[in-house]
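Trainee: model the structure of this input:
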Amino acid sequence: MRFLIFVAVPAFLLLFVSGCSGKSGKTDKDVSASSADLDAKILAKMKINEDTPDILYTYAKEDGAYVTVDAADKVPDPFRNDVIVINLNLPPEERGSDTRVVVADLNAFDGEYFSVHIEERGAFEAAQRLRRQWKLTQIDALGSSGASGVPPGSPGPVPQASGSADGVTLYGTSWCGYCRKVREFLRKNKVPFVEKDIEKDPAAAAELQAFCRSAGTACSGVPVVNWKGALIQGYDVPRMQRLMQTPPRPPNAPPPSPPGP
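Mentor: Predicted structure coming up:
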């Protein structure tokens, strides 16, 4: 992390000096457009894959420490979805700064390059702190056997929990790819739902913790779905399809028993 700050400081100082050298006459809209243009130029030069030379990869471990390695395959699986990347072949002002970073998802590969985008450094580091608090790594969120957390083809139990018996609530975060998949599934199947971002809404995070405790399970990642009182962890299409076919319970009826194997 110290290395990242060291290489970025010259760019920040240059920006500071140029910004204070006199009145530029630029509006906020002009500055925003200029920033967007710079981002686009930087991303255009960040076409990287496993074989791209001179790339540094920085990830946050579970204990909060940042580690920098010189190859993508050295980033452990649980931390590959959010990695700060620096192309040492670029000039310092295009590598990132103390306020903005280039982030790669090493699990999002289009067959040629990793997916990359630019984030505000403060927002990135805040998200990392939340993920460590909730242990939101890819392995924790998906389970060791796949996105659903159960072996493929196994229906598994649907834990019951106290919660809304009338609707569907999706708990997730803005950066979670499998949360997006759950959202798309619900919309495609015309299932009404409420989405709550546990990163931006502390009340939603507390609500999710209470919901998981009431279900007698540890929710170690997102997405989590409260499906009319049934708890679903991960992107579990078979469970959601099964629950879609379950008729609604009459008012004041006891919750159904979890299905057998």
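Trainee: so where's this structure uncertain?
Mentor: 1-35, 97, 130-166, 220, 247-261 (pLDDT under 70).
Trainee: strands of that one, start to end?
Mentor: 55-60, 66-69, 83-87, 100-109, 114-120, 168-172, 194-197, 224-227, 230-233 (DSSP state E).
Trainee: who does the last one touch, helix- and strand-wise?
Mentor: What it means is strand 230-233. strand 224-227, helix 237-244 (3 or more Cβ pairs under 8 Å, 6 or more residues apart in numbering; DSSP states H and E). Where C-beta positions appear, they are placed from N, C-alpha and C, glycine not excepted.
Trainee: okay, the angle between the longest one and strand 168-172?
Mentor: Right, helix 237-244. 160 degrees (axes from the mean of the first three to the mean of the last three Cα atoms, to 10 degrees).
Trainee: and the strands of the chain as JSON lines, adding mean neighbour count?
Mentor: JSON lines is the format used below for the strands of the chain (neighbours: other Cβ atoms under 10 Å):
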{"stretch": "strand 55-60", "mean neighbour count": "21"}
{"stretch": "strand 66-69", "mean neighbour count": "15"}
{"stretch": "strand 83-87", "mean neighbour count": "22"}
{"stretch": "strand 100-109", "mean neighbour count": "20"}
{"stretch": "strand 114-120", "mean neighbour count": "16"}
{"stretch": "strand 168-172", "mean neighbour count": "23"}
{"stretch": "strand 194-197", "mean neighbour count": "16"}
{"stretch": "strand 224-227", "mean neighbour count": "26"}
{"stretch": "strand 230-233", "mean neighbour count": "23"}
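Trainee: out of these, nearest to Met244?
Mentor: strand 224-227 (8.9 Å; Cβ to Cβ).
Trainee: tell me the helices and strands packed up against the closest one.
Mentor: Looks like strand 224-227 contacts strand 168-172, helix 202-214, strand 230-233, helix 237-244 (3+ Cβ pairs under 8 Å, 6+ apart).
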